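# okay, sequence plus prediction incoming.
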Amino acid sequence: MAAVSGKIFQNVSVAHHCQQNRQFHSQCSRDSFTSNLRNFLPLKGRKSAWNGILAMQLRTLSMYQNNFVSRGSICCNAASSSAAVRSLGKSDFLKLQNGSDIRGVAVAGVDGEPVTLTDPVSEAIAAAFAAWLSDKKKVDASTPMSVSIGHDSRISASMLQDAVSRGLMSSGVNVLHFGLASTPAMFNSTLTENEEIRCPVDGAIMITASHLPYNRNGFKFFTNAGGLGKADIKDILERASDIYNKVTDDGLQESQGTSSASVRSVDYMSIYASDLVHAVRKAAGNIEKPLEGFHIVVDAGNGAGGFFVDKVLEPLGAVTSGSQFLEPDGMFPNHIPNPEDKAAMRAITEAVLDNEADLGIIFDTDVDRSAAVDSTGSELNRNRLIALISAIVLEEHPGTTIVTDSVTSDGLTLFIEKKLGGKHHRFKRGYKNVIDEAIRLNSIGEESHLAIETSGHGALKENHWLDDGAYLMVKLLNKLASARASGIKGGSKVLTDLVEGLQEAAVTTELRLKIDQNHVDLKGGSFRDYGEAVLKHLENVVDSDPKLIKAPVNYEGVRVSGFGGWFLLRLSLHDPVLPLNIEAPSNDAAVKLALVVHEAVREFRALDTSSLDKLIHGN
């Protein structure tokens with residue numbers, strides 16, 4: 001495998017690829033990249049030098065003295081340095097792992113958050129993915145692999161796309177640029193049979209950090225088997241560390257050969273969207289415009305979801321006036337693109353009511369999560385979204401098992417099992433955990449057709465177990481279209497009728513109890529061991545209290561019912577935090593549940609219980 005180009009990046013190339021964010025659309029990076037690609041590739045007999053780690057600096061047309069970035073045109077400038085880049089150990093690379101994703105800081109400018117996802121680091125990660133993919137597929141070395149690259153609207157997307165492309169092509173991999181894309185579309189490109197656009201690809205990379213702040217970015221990887229797991233990501237990062245550190249200390253390196261790989265731009269989002277359109281038409285009996293007469297508004301949060309309006313809804317005949325924040329803008333100036341965010345849900349609710357729409361749809365940045373709002377302004381997210389999709393799936397597959405994460409409500413369990421006749425299998429937090437558990441259940445003979453988190457990640461067996469926010473919304477559109485074709489009227493009432501009878505708590509809250517890793521009580525041990533000790537002690541307390549009932553089957557943390565409600569205390573997957581979820585029929589009941597936890601954990605002095613104190617004392 002040819003070596004990556006090195007650790008020092010020539011500043012002259014950076015300015016060409018940093019563009020004004022207001023002009024950032026689907027053509028933003030792919031048009032400029034191809035014509036200049038050969039300047040980046042390692043050529044035989046040529047020494048490649050980078051003059052320092054790339055740092056992205058935000059610049060606006062106007063900037064206040066207090067360093068607040070205004071909503072003007074945004075560019076990125078490279079800060080160069082002649083100093084050699086220090087070596088990075090495996091631990092430095094492994095810090096970039098976030099479960100089954102890679103995430104880091106890609107843009108400088110936020111105090112205390114140094115850039116970690118640099119150009120050379122990203123290039124090494126891409127080369128490592130190529131090596132991992134080659135081993136996985138056991139491909140013939142004479143047959144070049146192909147990998148597709150897409151990105152969301154983040155301001156660092158162009159820079160990272162270029163770095164990733166260099167890493168892949170220096171490894172002899174052909175590259176397809178999809179430009180602005182959704183995460184689900186990237187996975188789909190490993191399945192699509194279309195020789196004209198060189199699909200299916202061997203692997204796919206999505207450049208995204210979901211709803212995280214503007215300075216963050218990251219990578220998600222796919223093969224035709226789905227998204228990579230935690231062990232795969234760790235393997236890739238360890239390989240990347242080895243590749244990165246093969247470069248000599250002065251940053252100069254002779255490449256090992258000339259790459260014959262190619263790069264090509266493809267409008268894949270149109271192909272992906274056409275499949276969604278076909279699915280809705282099929283559900284309505286192959287009617288050309290099955291949504292004609294429906295008014296549906298979309299809030300894309302300035303992420304990658306704007307395509308859903310002109311490439312899906314409008315071809316189906318829907319009226320889409322009032323749709324908002326469709327323009328890609330990596331500063332996310334209107335609200336966080338996150339269906340769990342209260343401000344985001346308020347924005348789509350207001351859009352529905354102001355436009356008297358039948359339905360509102362909201363996506364996260366990279367469109368692997370979604371939620372909806374009915375014509376009355378009632379939110380269809382979290383437990384209500386799970387209940388709705390479960391009702392649709394159980395109509396199609398009676399008795400099937402619905403797999404969810406650990407924080408779903410007791411009311412949802414009753415709804416799925418008593419009202420719908422299905423089975424509710426509550427598992428661990430983490431969308432990959434939920435999906436993998438549904439796959440496991442099917443493998444041992446327990447039928448499951450839906451795996452869904454309260455966050456809005458929803459995956460269906462019929463859709464290759466891909467958590468696809470757009471496809472999840474297509475299931476709602478299918479219901480609307482088929483009802484209209486059957487002569488049923490009433491707009492989104494056909495959807496809200498499906499969740500009638502769902503018991504919902506009056507009080508729902510999540511508190512985060514942080515563990516101080518520097519506290520003397522940890523005695524040099526890990527926060528994870530400390531957190532497990534907290535949970536064990538809480539479990540003993542609950543076992544001795546007859547008013548409390550511990551969940552008989554539970555896969556994560558300690559889940560307890562009492563006072564008409566429940567709580568779940570668990571250890572975060574990645575952080576030194578014990579999240580506490582409480583649902584109760586009243587504030588008084590919520591306080592009683594909180595007191596149980598407070599009494600049990602008070603002797604653990606490294607645990608910050610201030611948020612718990614505020615709930616108990618009504619602050």
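Structure's in. What do you need?
# flag every buried residue along stretch 610-619.
Using 16 or more other C-beta atoms under 10 Å as the burial criterion, the residues of stretch 610-619 that qualify are 611-612, 615-616. The C-beta positions use only the backbone N, C-alpha and C, and glycine is treated the same way.
# which among the residues you listed gets closest to residue 356?
In terms of C-beta to C-beta, no member of those lies closer to residue 356 than residue 615, at 38.2 Å.
# residue contacts, the residue lying closest to residue 298 once chain neighbours are set aside?
What sits nearest to residue 298 in space, not counting adjacent residues and going by C-beta to C-beta, 6 or more residues apart in numbering, is residue 323, at 4.4 Å. For residue 323, the contacting residues are 297-300, 309, 351, taking C-beta atoms under 8 Å, 6 or more residues apart in numbering as the criterion.
# tell me how far the helix or strand containing residue 218 is from the chain's mean position?
Of the helices and strands defined by DSSP states H and E, residue 218 is found in strand 216-223. Here strand 216-223 is found 9 Å from its chain centre; the criterion is C-alpha atoms, centre = their mean, to the nearest Å.
# which other helices and strands does it contact?
Using 3 or more C-beta pairs under 8 Å, 6 or more residues apart in numbering; DSSP states H and E as the contact criterion, the neighbours of strand 216-223 among helices and strands are strand 101-105, helix 119-137, helix 157-169, helix 183-188, strand 203-207, helix 230-244.
# in its sheet, what does it sit against?
Taking DSSP bridges as the criterion, strand 216-223 sits next to strand 101-105 (antiparallel), strand 203-207 (antiparallel), strand 226-227 (antiparallel) in its sheet.
# by how many degrees do it and helix 230-244 diverge?
For the pair strand 216-223 and helix 230-244, the angle between their directions (axes from the mean of the first three to the mean of the last three C-alpha atoms, to 10 degrees) equals 110 degrees.
# tell me the mean pLDDT for strand 216-223?
Along strand 216-223, the predicted confidence averages to a pLDDT of 98.
# isn't residue 363 right next to residue 470, touching?
Yes. Because the distance of 7.3 Å satisfies C-beta atoms under 8 Å, residue 363 is recorded as touching residue 470.
# spit out the residues that contact the two alike.
Residues touching both residue 363 and residue 470 (C-beta under 8 Å, 6+ apart) are 305, 308, 370.
# confirm the last one sits in a helix?
Just to be clear, that refers to residue 370. No. Assessed with DSSP: H, G, I helix; E, B strand; the rest coil, residue 370 is strand; it does not lie in a helix.
# would you map the strands across the stretch 401-550 of the chain?
Assignment of strands within the stretch 401-550 of the chain using DSSP state E, counting those that start in this stretch yields the ranges 401-404, 423-426, 448-452, 458-460, 466-467, 507-514, 549-550.
# nearest to residue 172, out of those strands?
strand 466-467 (28.3 Å).
# what pairs with that closest one, parallel or antiparallel?
For strand 466-467, using DSSP bridges, the partner strands are strand 458-460 (antiparallel).
# between the strand holding residue 218 and helix 157-169, how many degrees?
Angle of strand 216-223 versus helix 157-169, following the same axes, to 10 degrees, is 40 degrees.
# so strand 216-223 versus helix 119-137, what angle?
Using the same axes, to 10 degrees, strand 216-223 lies at 20 degrees relative to helix 119-137.
# ok, and what's touching strand 216-223?
Contacting residues not belonging to strand 216-223 are listed as 96, 98, 100-107, 117, 122, 125, 129, 133, 136-137, 154, 156-157, 160, 164, 183, 186-187, 190, 202-209, 227-228, 232-233, 236 [C-beta under 8 Å, 6+ apart].
# same thing with stretch 455-472?
Surrounding stretch 455-472, the residues in contact under the criterion C-beta under 8 Å, 6+ apart are 182, 184, 187-188, 191, 226, 276, 279, 305, 308, 312, 339-340, 363-364, 367-371, 381-382, 385-386, 389, 393, 405, 431, 434-435, 438-439, 442, 448-452, 475.
# hang on, residue 416 packs against residue 400?
No. Residue 416 lies out of contact with residue 400 (C-beta under 8 Å); the separation is 9.9 Å.
# intersection of neighbour lists for these two?
Common contact partners of residue 416 and residue 400 (C-beta under 8 Å, 6+ apart): 394, 422-423.
# how near is residue 205 to residue 230?
Distance of residue 205 to residue 230, given as C-beta to C-beta, to the nearest Å: 17 Å.
# please identify which of the two sits among more neighbours.
With other C-beta atoms under 10 Å as the criterion, residue 205 and residue 230 differ in neighbour count, and residue 205 comes out ahead with 28 against 16.
# count the neighbours of residue 593 for me.
For residue 593, the tally of surrounding residues (other C-beta under 10 Å) stands at 24.
# what's the helix or strand for it?
Here residue 593 sits within helix 587-601, counting by DSSP H and E.
# can you check residue 390 too?
helix 382-396.
# low-confidence bits of this protein, can you list those?
Applying pLDDT under 70 to the predicted model, the residue ranges of the chain that meet it are 1-86, 140-141, 247-260.
# swap the cut-off to 90 and go again
Along the chain, the model assigns pLDDT under 90 to residues 1-88, 99, 137-144, 246-261, 484-491, 523-524, 573-575, 618-619.
# show me it divided up by domain.
8-36+55-266, 271-499, 507-617 (automatic domain parsing).
# for the closest residue to residue 134 other than its chain neighbours, grab phi and psi.
With sequence-adjacent residues excluded and distances taken as C-beta to C-beta, 6+ apart, residue 134 is closest to residue 145, at 6.6 Å. Dihedral angles of residue 145 (phi, psi; degrees, to the nearest 10) stand at phi -80, psi 170.
# assumed residue 578 was part of a strand.
Yes. The assignment for residue 578 by three-state DSSP puts it in a strand.
# is it bridged to anything, and to what?
The partner residues for residue 578, given DSSP bridges, come to residue 513.
# helices and strands around the helix holding residue 593, which ones?
strand 507-514, helix 527-543, strand 558-562, strand 565-569, strand 577-584, helix 610-617.
# make CSV out of these and add distance to residue 168.
As requested, the helices and strands packed on helix 587-601 are exported to CSV (distance: least, C-beta to C-beta, whole Å):
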stretch, distance to residue 168
strand 507-514, 38
helix 527-543, 35
strand 558-562, 44
strand 565-569, 42
strand 577-584, 36
helix 610-617, 45
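# which residue packs closest to residue 121, ignoring adjacent ones?
residue 244 (6.6 Å).
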